[in-house]
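*Asks:* Sequence plus the predicted model coming up.
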Amino acid sequence: MTWRVLVPLAVFVVLAVALAVGLTLRPREIPSALIGKMAPTFDLAPVKGRATGLSSDDLRAGTPTLVNVFASWCIPCREEHPLLMDLARTGRVLIVGINQRDEPEAAERWLAAFGDPYSRTGADRDGRVSIEWGVYGVPETFVVDGRGCIQYKHISVLTRDVLEREILPRLRGERQVRCDG
Amino acid sequence: MARLLAAILLAWLITAGSVAAQADRPLADPTAEHRALALHKELRCLVCQNQAINDSNAELARQLRQIVRERIAAGDSDEKVRRYVVDRYGDWVLMRPPFKWSTALLWLSPALLFALVVAIAIVQVRRKRGTRAEPPLSTEEQRKLDALLSSDDRVRP
């Protein structure tokens, strides 16, 4: 008889646990289909006023790279920008930027105002290259290894915590995902 | 007043102009366009998430609609077009998720729930039948019952 009393309690506990787990999920963050795939082939001209553009060959040159998708119209990008500037100042990480659907003047002004952490930039005027990368919002940040294999993607604003826990170890070559071919 | 009207008209022209610039460009071939529209309904908008790209105003959805048209114009089959988008955005973009090990629970849960309900119902019905089939009263029990029924109901101190 006593076990019957426990049935509602058990149901409650199971439901509560399931709902609690559900609360911690982030349905807006869709896992990337490109982890463990080679970076898409592309060739972009630099943002206005810069000399070096960005192409897929640059990502296969042997150095692990942080690829940051940004835009001057993207407010959250301002939030993560100081972190990228700090990282660039250490001189130990290669950071490149894909400037998504931006006016050339606006992008140039934005980099002048907030600083330019990128050693290369690519102006993705029509957003097509971003689609090749499976980008669906700005900012997004990818870790690409020296062979051009996509290791990791972070959606939305970068934080120091994510940087130290997820990104820097991968840039150092720890926790590698292998690309086929 | 005239100035205000002019300003409103100007504002409308500017917005109308920018909307027109972003409008979809349907394919000339009606059957190809029909296939494109059918595919648009199957692909999920990544920005608005619970909408398909066919009824989303998001810029990304508009671009994906255009890409679907381009793939079809380039001679891709429907399956190849789906593959193209899934390769970039994952199974998630399909409004109807494919049946795989990782989605088995999702697809099978209605059947599992139904089976559970049927099992509970069967157990309950069996239990009810069990109570009905209780053996009849013995002569001794019947005598006690009769005595109780005919006895004085008043409570004695």
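*Replies:* Now that the structure is in, tell me what you want to look at. What you see is a predicted model, and the numbers here were worked out from it, not measured in a lab.

*Asks:* Could you list the residues of chain B in contact with chain A?
*Replies:* On the criterion CB under 8 Å from any CB of the partner chain, chain A has as its neighbours in chain B the residues B:46-47, B:49, B:59-60, B:63-64, B:67, B:86-92. In short, each C-beta sits where N, CA and C put it, glycine included.

*Asks:* what's the following helix or strand after the helix or strand harbouring B:R82?
*Replies:* With the criterion set as DSSP states H and E, the secondary-structure element containing B:R82 is helix B:78-89. Note on helix B:78-89: by DSSP H and E, the next helix or strand toward the C-terminus is helix B:104-132.

*Asks:* after that next one, next one along is what?
*Replies:* According to DSSP H and E, the helix or strand after helix B:104-132 is helix B:139-150.

*Asks:* Could I get the average pLDDT for that following helix?
*Replies:* Per-region confidence: helix B:139-150 scores 88 on mean pLDDT.

*Asks:* Flag every buried residue along that helix.
*Replies:* When neighbours are counted by 16 or more other CB atoms under 10 Å in any protein chain shown, no buried residue of helix B:139-150 is found.

*Asks:* hmm, back to that, where's the dip in pLDDT among the residues of chain B next to chain A?
*Replies:* Summarising pLDDT for those: the lowest-scoring member is B:Q49, with 79.

*Asks:* How about the contacts made by that one?
*Replies:* A:27-28 (CB atoms under 8 Å, 6 or more residues apart in numbering or on different chains).

*Asks:* Farthest pair within the residues of chain B next to chain A?
*Replies:* The span of the residues of chain B next to chain A, defined through CB to CB, is set by B:E59 and B:D91 at 23.1 Å.

*Asks:* who's more crowded, those two?
*Replies:* Set side by side, B:E59 and B:D91 show more neighbours around B:D91, with 15 against 12, by other CB atoms under 10 Å in any protein chain shown.

*Asks:* which regions of the chain lie under the pLDDT threshold?
*Replies:* Looking at chain A here, since you left the chain open. Residues of chain A meeting the criterion pLDDT under 70: A:1, A:181.

*Asks:* if you could check chain B rather than the one you did, that'd help
*Replies:* Counting by pLDDT under 70, chain B contains low-confidence residues at B:1-22, B:130-134, B:152-157.

*Asks:* Could you chop it up by domain?
*Replies:* By the assignment in automatic domain parsing, chain B contains the domains B:2-93, B:104-150.

*Asks:* for those, which one ends up most surrounded?
*Replies:* For the domains of chain B, the largest average neighbour count (mean count of other CB atoms under 10 Å in any protein chain shown) is found in domain B:2-93, namely a mean of 15.

*Asks:* all strands of chain A, in order?
*Replies:* Taking DSSP state E as the criterion, chain A carries its strands at A:43-44, A:54-55, A:65-70, A:94-100, A:120-124, A:140-144, A:150-155.

*Asks:* would you list the ones you listed in JSON lines and tack on distance to chain B and mean neighbour count?
*Replies:* JSON lines is the format used below for these (distance: least, CB to the nearest CB, whole Å; neighbours: other CB atoms under 10 Å in any protein chain shown):
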{"stretch": "strand A:43-44", "distance to chain B": "16", "mean neighbour count": "16"}
{"stretch": "strand A:54-55", "distance to chain B": "18", "mean neighbour count": "22"}
{"stretch": "strand A:65-70", "distance to chain B": "13", "mean neighbour count": "25"}
{"stretch": "strand A:94-100", "distance to chain B": "10", "mean neighbour count": "25"}
{"stretch": "strand A:120-124", "distance to chain B": "12", "mean neighbour count": "25"}
{"stretch": "strand A:140-144", "distance to chain B": "11", "mean neighbour count": "24"}
{"stretch": "strand A:150-155", "distance to chain B": "11", "mean neighbour count": "21"}
